[in-house]
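# my questions are about this predicted structure, shown below with the sequence.
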Amino acid sequence: MDKKKIEKGVKLILEGIEEDTQRPGIQKTPARVAAMCEEILGGIKENPAEFLQPIKGEKHDEMVLIKNIPLYSMCEHHLLPFAGVAHIAYIPKGGRIVGLSKLARVVETFTRRLQVQERLTKEIADLINETLKPLGVMVVIEAEHMCMSMRGVKKPRSLTVTSAVRGSFRTHDATRAEAMTLIRGGLSGGREV
């Protein structure tokens, strides 16, 4: 990542909004923003498929669901953040499962890029589908977008919900309904969430 170029661009923005770039509170802002970009947009060079290596010796063939995976990303349209949760369900084929944290790492890698939520949802589902070749995969993302909350229509707390459904989750209504029931209510530690 070219941090010097980012610093120059941020300085131009500050000048464009008629901010005093020599003011003590602003002087280091270009460098801070460049460091932030490196941290939160570093996923562009990473390959999330590396995380999806099946665990040897495991033969699970029932639904696996990880819900409420926190996510933060940057909308590519206005360079403002969006934040929410991802829910990932898949049904292993041939017993191929991955470590649970690996699915969260896939989400993190894709969110550390300029994104739109619709593409993010599809990218996660497609990668799991192509790499693990499960019987089915479903990804649901719920997020609040600052480009909608603090500018434009100014509707804070509005949630955008997107889903990508592959395989048996698409072809079997009962499978999809089971996953949605677990996402929406389900059980957590023996009690309803």
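Right, received. Where do you want to start? Just so we're clear, the structure is a prediction, and the values are computed from it rather than from any experiment.

# next, count neighbours for Ile26.
Neighbours of Ile26 under the rule other Cβ atoms under 10 Å: 15. Yep, even glycine has a C-beta here, placed from its N, CA and C like the rest.

# look up phi and psi at the closest residue to it other than its chain neighbours.
Using Cβ to Cβ, 6 or more residues apart in numbering and skipping the chain neighbours, the partner closest in space to Ile26 is Glu19 (5.9 Å). Taking degrees, to the nearest 10, you get phi -90, psi 150 for the backbone angles of Glu19.

# and Glu19, how far is that from Lys102?
43 Å (Cβ to Cβ, to the nearest Å).

# what sits against Lys28?
Contact analysis of Lys28 by Cβ atoms under 8 Å, 6 or more residues apart in numbering lists nothing.

# show me the helices in the protein, by range?
Applying DSSP state H to the chain gives helices spanning 3-16, 29-40, 100-111, 117-132, 146-149, 168-171, 173-184.

# of all those, which one comes closest to Pro81?
helix 146-149 (5.3 Å; Cβ to Cβ).

# list the helices and strands that closest one packs on?
Helices and strands touching helix 146-149, as assessed by 3 or more Cβ pairs under 8 Å, 6 or more residues apart in numbering; DSSP states H and E, comprise strand 81-91.

# distance from the chain centre to the strand it packs on, please.
The chain centre lies 6 Å from the centre of strand 81-91; the measure is Cα atoms, centre = their mean, to the nearest Å.

# starting from that strand, tell me which strands it pairs with and how they run.
Paired neighbours of strand 81-91 in the sheet (DSSP bridges): strand 64-75 (antiparallel), strand 136-145 (antiparallel).

# what's the most buried one of the ones you listed?
strand 136-145 (a mean of 23; mean count of other Cβ atoms under 10 Å).

# tell me, how many residues neighbour Ile40?
15.

# Thr160: what's it in contact with?
With Cβ under 8 Å, 6+ apart, Thr160 has these contacts: 82, 84, 117, 142-145, 148.

# now with 10 Å, please.
82, 84, 116-118, 141-145, 148 (Cβ atoms under 10 Å, 6 or more residues apart in numbering).

# and if you look at Gly9?
2, 30, 33-34, 37.

# distance of Arg151 from Lys67?
30 Å.

# if you could redo that for Val140, that was the one I meant.
Counting by Cβ to Cβ, the gap from Val140 to Lys67 is 9 Å.
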